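K.L.:
return atomic coordinates for the entry below.
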Amino acid sequence: MEPDIESIVRQELAPYDISRCSLRGGRLALRSDIARAAGLIVHELTTNAVKHGAFSVPDGRIDIVWSQRGDTIEIDWKESGAAKREVPTRTGFGTKLIDTTAKGLNGEVRREFGDDGISCRVKLRL
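P.N.:
As a prediction, this is how the structure comes out:
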């Protein structure tokens, strides 16, 4: 059985209050290399949400949407209800790991720091 993105996302969020999350995209089977990359990326985004973002405040929420468009898997992660964060002045380990993992699959990462949380779009090429 191939790993799927919904199972990976749910597994990473399981230690936290998943009722504060909206998950959309359904079952999407992944090759093992893409599944490993998605797992690392979602793990780091979750860790950052716990330390600095939506999971660090009582009313924070996370909206996660994934889809396949042609030869690309897209994961959209949007936090809300968190305190406004300034754009970091240095790149931490987690950010480097996310960026390196995506680039290793000819993908890309885009982040936006909004008034109530971070938005991140990750594209991974199949």
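
K.L.:
neighbours of the closest residue to residue 84 other than its chain neighbours, how many?
P.N.:
Sequence neighbours aside, residue 115 is the residue nearest to residue 84 in space, at 5.1 Å (criterion: CB to CB, 6 or more residues apart in numbering). To be clear about C-beta, it is placed using only N, CA and C from the backbone, and glycine gets the same treatment. Using other CB atoms under 10 Å, residue 115 has 9 other residues around it.

K.L.:
distance of residue 115 from residue 108?
P.N.:
Per CB to CB, to the nearest Å, residue 115 is found 24 Å from residue 108.

K.L.:
test my guess that the residue nearest to residue 84 contacts residue 85.
P.N.:
No: contact criterion CB atoms under 8 Å: residue 115 and residue 85 do not qualify, at 9.6 Å.

K.L.:
quick check: the gap between residue 33 and residue 126.
P.N.:
Distance, residue 33 to residue 126, using CB to CB: 10 Å.

K.L.:
how about residue 29?
P.N.:
11 Å.

K.L.:
show me what counts as buried in stretch 117-126.
P.N.:
Buried residues in stretch 117-126, counting neighbours by 16 or more other CB atoms under 10 Å, are found at 117-118, 120, 122-124.
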